[in-house]
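Q: generate a structure from the sequence data that follows.
(chains A and B)
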Amino acid sequence: GAGVSQSPSNKVTEKGKDVELRCDPISGHTALYWYRQSLGQGLEFLIYFQGNSAPDKSGLPSDRFSAERTGGSVSTLTIQRTQQEDSAVYLCASSPDRVSYNEQFFGPGTRLTVL
Amino acid sequence: AQSVAQPEDQVNVAEGNPLTVKCTYSVSGNPYLFWYVQYPNRGLQFLLKYITGDNLVKGSYGFEAEFNKSQTSFHLKKPSALVSDSALYFCAVRYSGGGADGLTFGKGTHLIIQP
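A: As a prediction, the model looks like this:
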């Protein structure tokens, strides 16, 4: 079956611009996660959605970052007023439910470059 | 708070030799432990996990990992390395009582298998 998909695969933007990154989870998966992978920080958890519940935003690095999930499926991560330190690969993952020992299935990521 | 340490940035092994990629963790309570692999320009792929029970866990591609509670370790092993095993390996932990929040990852270890 289809895995987690993300778009765009690459995004180059200028400092100060807003960007939107999209994630399509595996069909039927209710849990959705965003992570950031950068050279200096490794893999960092950003935000978690479970179904239509309010998200766990505990990992978001600043108020410039926000995410939404429409209809319990597709999710969009928005970064406002991008900075050069936002350059990273943004990974999305989904999981069948909120059981904590279930593995997460990752998408290929969106590589964001802020000039 | 929970944390994961992968003490080696890089591990070099000759093809056919056994390999070990080290991981230690810190978590309050019982841990759920995971290994993921990342090939160049691709997302993370799940290898194996420890939830409870037998300390030796077998996973994909002939990999296995041994959970050692007293040493708080979860080292990844394979009896005979292949060149195709060359990739970036991540250890991750989740606190069993913490719900389905984000995984905490180690910094990753580059595994290089030399022909």
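
Q: closest residue of chain A to chain B?
A: residue A:45 (2.9 Å; CB to the nearest CB). In short, each C-beta sits where N, CA and C put it, glycine included.

Q: surely that residue meets residue A:57?
A: No: between residue A:45 and residue A:57 there is no contact under CB atoms under 8 Å: 10.6 Å.

Q: neighbour count for the two, which is higher?
A: residue A:45 (20 against 14; other CB atoms under 10 Å in any protein chain shown).

Q: tell me which element that one falls in.
A: strand A:42-50 (DSSP states H and E).

Q: that strand packs against which elements?
A: Counting contacts by 3 or more CB pairs under 8 Å, 6 or more residues apart in numbering or on different chains; DSSP states H and E, strand A:42-50 packs against strand A:31-38, strand A:65-69, strand A:75-79, strand B:104-105.

Q: shaky segments in the chain?
A: No chain was given, so I picked chain A. For chain A, the stretches with pLDDT under 70 are A:1, A:100.

Q: should've been chain B
A: In chain B (pLDDT under 70), the answer is B:95-101.

Q: setting aside sequence neighbours, what's the nearest residue to residue B:18?
A: residue B:79 (5.3 Å; CB to CB, 6 or more residues apart in numbering or on different chains).

Q: how much space separates that neighbour from residue B:5?
A: Distance from residue B:79 to residue B:5, counting by CB to CB, to the nearest Å: 25 Å.

Q: what is the nearest residue to residue B:86 once chain neighbours are set aside paired to in the beta sheet?
A: In this structure, residue B:86 finds its nearest non-sequential neighbour in residue B:113, 4.8 Å apart by CB to CB, 6+ apart. Assessed by DSSP bridges, residue B:113 has beta-bridge partners residue B:13.

Q: state the distance from residue B:113 to residue B:65.
A: 18 Å.

Q: more neighbours, these two?
A: residue B:65 (27 against 20).

Q: so that one lies in a helix, does it not?
A: No: assessed with DSSP: H, G, I helix; E, B strand; the rest coil, residue B:65 is strand; it does not lie in a helix.

Q: I'd say it and residue B:55 touch.
A: No: in this structure residue B:65 lies outside contact range of residue B:55 using CB under 8 Å: 9.2 Å.
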